[in-house]
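>>> 3D, please:
(2 chains)
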There are 2 protein chains.
Amino acid sequence: MNLPLDSIQRPTLLLDESICRSNIHWMAEKARRLGVNFRPHFKTHQSGLVGEWFREEGVSAITVASVSMARYFIEKGWVDITVAFPLNIRESIEIIELSGKADLNILVTMAEPLESFGQVLKVIHRPVGVFIKIDTGYHRTGLTSADNEKIESIINTCRKHSMLTFNGFLTHTGHTYNARGREEIEMISWEAFYQLKSLKDNFDSGPGDLMLSVGDTPACSLLEDFSTMNEIRPGNFVFYDVMQTVIGSCGTNRIAVCLACPVVSKEPSRNEIVVYGGAVHLSKESVFYKGKTIFGLVCSLSAGGWSEPLDDCYVSALSQEHGVLKVSKEVFGLLNPGDLLGILPVHSCLTAQCMGKYLINGNIAELHM
Amino acid sequence: MNLPLDSIQRPTLLLDESICRSNIHWMAEKARRLGVNFRPHFKTHQSGLVGEWFREEGVSAITVASVSMARYFIEKGWVDITVAFPLNIRESIEIIELSGKADLNILVTMAEPLESFGQVLKVIHRPVGVFIKIDTGYHRTGLTSADNEKIESIINTCRKHSMLTFNGFLTHTGHTYNARGREEIEMISWEAFYQLKSLKDNFDSGPGDLMLSVGDTPACSLLEDFSTMNEIRPGNFVFYDVMQTVIGSCGTNRIAVCLACPVVSKEPSRNEIVVYGGAVHLSKESVFYKGKTIFGLVCSLSAGGWSEPLDDCYVSALSQEHGVLKVSKEVFGLLNPGDLLGILPVHSCLTAQCMGKYLINGNIAELHM
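Numbers count the residues shown, from 1 in each chain, chains lettered A, B, ... in the order given. Model prediction:
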């Protein structure tokens, strides 16, 4: 990294290419080693450039969180995309248009919207793949593995429309985010794998080609066995963040993004530093860390990049443009207005979205949006 | 309002011009009636068009939250701007450039950065006004009214540099956001007014022209006496939001923005509706409301606009693109994928920032950024 510190005037999201590439390499290699397809979720970085780093690791199939994001990555040359968000039939025409440019998979939780979608499919260019979203315990959305009738109904809707191909079952075990450490995450994941495997055994009437797709960075970081699954879709691991260190997915040395923030004020009576860098830059995501609710960890910055988090320093509050940092007496004494500090975000996906661009090796790369 | 409901495919931030103009008119009128200058904070809407609605109410002086926002509004023809954020000396050159195009006031909490700024002022076009930020109890940033030496030091720095004009004292009583109801907010405000007035009495050596500037929407909505103050700087009132209704600043009928969200899934076992509309659209701001932590209230939509919040319906969780809504059995039965719902945001400033644009009378208006 060669940080142009003097040119940074405002909150700036630094991306360390070498940490990020190493995260990508590590996960791609792990998927190969464990014999599971790797379809990374691109919602975290949303960047054409970071996408190229994946391509260099042999990745050709991706996951996105919205139809808009699918469009962006199709424009960047990606042609095998799962939109891992429940089918929004208000975007039917756009999905059909995009399906002419890439192999698209969509996600459904109910037969009715799929039936509506099927009815506007006449102009479609090539088949759209359909995954049924299974709720394996996160309780955000999806059918349960006991919802046999509803699952049948969706499969029948696929059979009825020649341009819909039933692909298999997909789950997101987002409840791993409330877990701490490998053992809890294994329990959650194994339960999910068991449910998906049962569904495959039930509904795979043919040659055993139904796909089982699982995601989430904690499980993909910590588990060593995905042998009953066909593909993994982790996203956050590309950058990691403070939340993932609290869960136990990684160490802070694998966090690839850091918000550079100018110091604007010192509050000596409270050992607080106020920086230019607030909720509109980091997002208001917080995490419970060493007995406190925090909005980020604090690093020092140099031309070579950012340091490990400084002891006893954290972001204690955020307003629209302000970040309030509780710091140690020692750090307080060293800092002055005009200095820069680094903040490791609690949730890198939201921080990347808020910022809309990265500083990578002195160059700005824009996200989509 | 004439909502083009059929054309809404994705989360879309609706702005009701008539509610918004009525909020602006009400506050402008109140300031006139109470004999205090009105310098509204434009950080909430960040929109050139909404700015014009203020101009039509006679507003010519504004507040912004950043130098970037000052630049945007100068481009829109505003020439009297207070940047209500502690001086960031990394932006000195830009501030000096902008001071050639408008009367700028800056905010300081310490003499040192002002001294640094003063030293690069040689090329300045016209004087920059300086407010000292006073912490009257919010404890985010600012000097206290007892910090006489530090205040003197800042005033002396202004005297030393002919292009710096000491304007007076400014406070943001942000702790009104933790208050509930008029009485608590009056107590907080009166204490702040007392402190500012004492400072004016102490430091106003000349003809009594030091300015006292106060802000915050709860106080400006609820108080009827600002007679010891010179100007008010409320911002959020332009849209209001669920947080302000909880504080007691307004009723839900004065909320001027609503996020239109497509329904994408129904979860019958939990009476939950999942919409396309998540943390990247609403922000993760939450508020404690009727015994629960919520991320928004739920309305029905029609061509005429949005309804009052539906009973027993609220946003219970947000992930990146998903919103999970707890709804009544009755509402659950009426909704289907493809329908639209409206969500009243908890914090309209952050939602506006996340969305970056509004749908106003069928036309899209972009924010700055």
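>>> which other helices and strands contact the longest strand along chain A?
Taking DSSP state E as the assignment, the strand of chain A that covers the most residues is strand A:257-267. Contacts defined by 3 or more C-beta pairs under 8 Å, 6 or more residues apart in numbering or on different chains; DSSP states H and E place strand A:257-267 against strand A:12-15, strand A:272-276, helix A:279-282, strand A:340-345, helix A:348-355, strand B:80-86. Yep, even glycine has a C-beta here, placed from its N, CA and C like the rest.
>>> Would you format the ones you listed as JSON lines with mean pLDDT included?
Compiled in JSON lines, those are given as follows (pLDDT from 0 to 100):
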{"stretch": "strand A:12-15", "mean pLDDT": "97"}
{"stretch": "strand A:272-276", "mean pLDDT": "97"}
{"stretch": "helix A:279-282", "mean pLDDT": "97"}
{"stretch": "strand A:340-345", "mean pLDDT": "98"}
{"stretch": "helix A:348-355", "mean pLDDT": "97"}
{"stretch": "strand B:80-86", "mean pLDDT": "98"}
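>>> Which one, of the ones you listed, ends up nearest to A:S68?
Relative to A:S68, the nearest member of the helices and strands packed on strand A:257-267 by C-beta to C-beta is helix A:348-355, separated by 12.2 Å.
>>> Only alpha carbons, please: show that closest one as CSV.
What follows is helix A:348-355, C-alpha atoms only, in CSV (Å, rounded to 0.1, in the frame of the first residue of the first chain):
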residue,chain,number,x,y,z
SER,A,348,-18.0,-3.5,5.8
CYS,A,349,-21.0,-4.2,3.4
LEU,A,350,-22.9,-1.2,4.7
THR,A,351,-19.8,1.0,5.0
ALA,A,352,-18.9,0.2,1.4
GLN,A,353,-22.4,1.0,0.3
CYS,A,354,-22.4,4.3,2.2
MET,A,355,-19.1,5.4,0.8
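>>> Next, the contact list for A:S328, please.
The neighbourhood of A:S328, defined by C-beta atoms under 8 Å, 6 or more residues apart in numbering or on different chains, consists of A:271, A:310-313.
>>> tell me which residues of the longest strand of chain A are tucked away?
Using 16 or more other C-beta atoms under 10 Å in any protein chain shown as the test for burial, strand A:257-267 gives A:257-267.
>>> Specify the stretch among the helices and strands packed on strand A:257-267 that is closest to A:V324.
Across the helices and strands packed on strand A:257-267, A:V324 has its closest neighbour in strand A:272-276 (5.6 Å, C-beta to C-beta).
>>> what about that closest one and chain B, any contact?
Yes. Judged by C-beta under 8 Å from any C-beta of the partner chain, strand A:272-276 and chain B are in contact via A:274, A:276.
>>> Listing partners with orientation, what would you give for that strand?
For strand A:272-276, sheet partners with direction are given as strand A:257-267 (antiparallel), strand A:322-326 (antiparallel), following DSSP bridges.
>>> tell me which parts of the stretch 201-350 of chain A are close to chain B?
Looking at chain B, the residues of the stretch 201-350 of chain A close enough under C-beta under 8 Å from any C-beta are A:262, A:264-267, A:270, A:274, A:276, A:279-280, A:283-285, A:317, A:319-322, A:324, A:336-338, A:349-350.
>>> and the residues you listed, which are buried?
Buried positions within those, assessed by neighbour count (16+ other C-beta under 10 Å), are A:262, A:264-267, A:274, A:276, A:279-280, A:283-285, A:317, A:319-322, A:324, A:337-338, A:349-350.
>>> quick one on the thing from earlier: I'd like the strands paired with strand A:272-276 laid out as CSV, including mean pLDDT.
As requested, the strands paired with strand A:272-276 are arranged in CSV below (pLDDT from 0 to 100):
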stretch, mean pLDDT
strand A:257-267, 97
strand A:322-326, 97
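>>> Need phi/psi at A:E231.
Torsion angles at A:E231 (phi, psi; degrees, to the nearest 10) stand at phi -150, psi 150.
>>> My read is that it contacts A:L34, right?
No. Taking C-beta atoms under 8 Å as the definition, A:E231 is not a contact partner of A:L34, at 11.2 Å.
>>> Give me the more crowded residue out of the two.
Under the criterion of other C-beta atoms under 10 Å in any protein chain shown, the comparison of A:E231 against A:L34 puts A:E231 first, with 20 against 16.
>>> can you tell me how far that one sits from B:T144?
As judged by C-beta to C-beta, to the nearest Å, A:E231 and B:T144 stand 59 Å apart.
>>> how about the helices in the stretch 201-350 of chain A?
Listed from the start of the chain, the stretch 201-350 of chain A has helices (DSSP state H, counting those that start in this stretch) covering A:217-222, A:242-247, A:279-282, A:329-334, A:348-355.
>>> Quick one: closest of those to B:C20.
Comparing these against B:C20 with C-beta to C-beta, the closest turns out to be helix A:279-282 (20.8 Å).
>>> counting contacts, what elements does that closest one pack onto?
With contacts defined as 3+ C-beta pairs under 8 Å, 6+ apart, the secondary structure elements packing on helix A:279-282 are strand A:257-267, strand A:314-318, helix A:348-355, helix B:348-355.
>>> Tell me how many other residues crowd the residue nearest to A:V214 when sequence neighbours are not counted.
Closest residue in space to A:V214, ignoring its immediate chain neighbours: A:M229 at 5.2 Å, by C-beta to C-beta, 6 or more residues apart in numbering or on different chains. Neighbouring residues of A:M229 were enumerated by other C-beta under 10 Å; the total is 23.
>>> Do I have it right that A:M229 meets A:F193?
Yes. Under the criterion of C-beta under 8 Å, A:M229 lies in contact with A:F193, with a separation of 6.1 Å.
>>> got the strands paired with strand A:272-276 as a markdown table, with distance to A:D6 columns?
Shown next, in a markdown table, are these (distance: least, C-beta to C-beta, whole Å):
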| stretch | distance to A:D6 |
| --- | --- |
| strand A:257-267 | 12 |
| strand A:322-326 | 21 |
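>>> Just want the residue of the stretch 101-250 of chain A that's nearest chain B.
Distances from the stretch 101-250 of chain A to chain B, computed as C-beta to the nearest C-beta, single out A:P113 as the nearest residue at 4.0 Å.
>>> Buried residues in the strand or helix carrying that residue, which are they?
Using DSSP states H and E, A:P113 falls within helix A:111-119. For helix A:111-119, burial by neighbour count (16+ other C-beta under 10 Å) applies to A:111-118.
>>> ok, which residues in the stretch 51-200 of chain A are in contact with chain B?
Residues of the stretch 51-200 of chain A lying close to chain B (C-beta under 8 Å from any C-beta) are A:65-68, A:85-91, A:94, A:109-110, A:112-113, A:116, A:139-142, A:174.
>>> Quick one: low-confidence residue ranges for chain A.
Counting by pLDDT under 70, chain A contains low-confidence residues at A:123-125, A:207, A:368-369.
>>> tell me the domain ranges of it?
Here the domain parsing of chain A from automatic domain parsing is A:5-13+A:256-366, A:17-238.
>>> So which of those domains is nearest A:V246?
Closest to A:V246 of the domains of chain A is domain A:5-13+A:256-366 (C-beta to C-beta; 5.4 Å).
>>> For A:F237, give me its contacts.
With contacts defined as C-beta under 8 Å, 6+ apart, A:F237 is in contact with A:23, A:27, A:217, A:220-221, A:244, A:249-250.
>>> and the gap between it and A:G51?
With distances defined as C-beta to C-beta, the gap from A:F237 to A:G51 amounts to 15 Å.
>>> what do you get for A:E75?
As for A:E75, its distance to A:G51 is 11 Å (criterion: C-beta to C-beta).
>>> For the two, indicate the residue with more neighbours.
Comparing A:E75 with A:G51 by other C-beta under 10 Å, the one with more neighbours is A:G51, at 21 against 11.
>>> residue contacts, the more buried one?
Listed by C-beta under 8 Å, 6+ apart, the contact partners of A:G51 are A:42, A:45, A:62, A:73, A:76, A:78.
>>> Cheers, nothing more for now.
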